[in-house]
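Chemist: no sequence for this one, just the structure:
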């Protein structure tokens, strides 16, 4: 599951710094990407949920915590 998550996120957020931690069916995701510049927190999270929504809907992922940052916010 972790490799599938990483693959999807790396495809969606090319060049981003991505950290994925899994604990059973719970995931903690952190993404640092310039693509988040100018987006609200909600818009950023919607972009992430967009590429993993089917995993949540199927129950493969039960809970997801997302932290999104731009490089200037580090």
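Modeler: Looks like it came in fine. Everything numeric here is computed off the predicted structure, so don't read it as measured data.

Chemist: quick one, what contacts residue 15?
Modeler: Neighbour list for residue 15: 33, 34 [criterion: CB atoms under 8 Å, 6 or more residues apart in numbering]. Placement of C-beta: from N, CA and C, glycine included.

Chemist: hmm, I typed the wrong one, I wanted residue 45.
Modeler: Neighbours of residue 45 in contact, by CB under 8 Å, 6+ apart: 66, 68.

Chemist: give me the pLDDT for it.
Modeler: For residue 45, the pLDDT comes out at 97.

Chemist: need the three-state assignment for residue 5.
Modeler: helix (DSSP: H, G, I helix; E, B strand; the rest coil).

Chemist: and it, how far from residue 35?
Modeler: Per CB to CB, to the nearest Å, residue 5 is found 18 Å from residue 35.

Chemist: of the two, which one has the most company?
Modeler: Neighbour count, other CB atoms under 10 Å: between residue 5 and residue 35, residue 5 has more, with 20 against 16.

Chemist: does that one touch residue 26 like I think?
Modeler: No: between residue 5 and residue 26 there is no contact under CB atoms under 8 Å: 11.7 Å.

Chemist: contacts only, for residue 66.
Modeler: 29, 30, 31, 44, 45, 48, 49.

Chemist: over to it. Which of the three states is it?
Modeler: strand.

Chemist: and it, bridged to which residues?
Modeler: residue 29 (DSSP bridges).

Chemist: for residue 10, see how far away it is.
Modeler: 15 Å.

Chemist: buried residues, the host helix or strand of residue 22. List them.
Modeler: Assigned by DSSP states H and E, residue 22 falls within strand 17-23. Within strand 17-23, the residues that qualify as buried are 18, 20, counting by 16 or more other CB atoms under 10 Å.

Chemist: any idea of the angle the lengthiest helix in the chain forms with strand 17-23?
Modeler: As assigned by DSSP state H, the longest helix anywhere in the chain is helix 41-58. If you take axes from the mean of the first three to the mean of the last three CA atoms, to 10 degrees, helix 41-58 sits at 40 degrees to strand 17-23.
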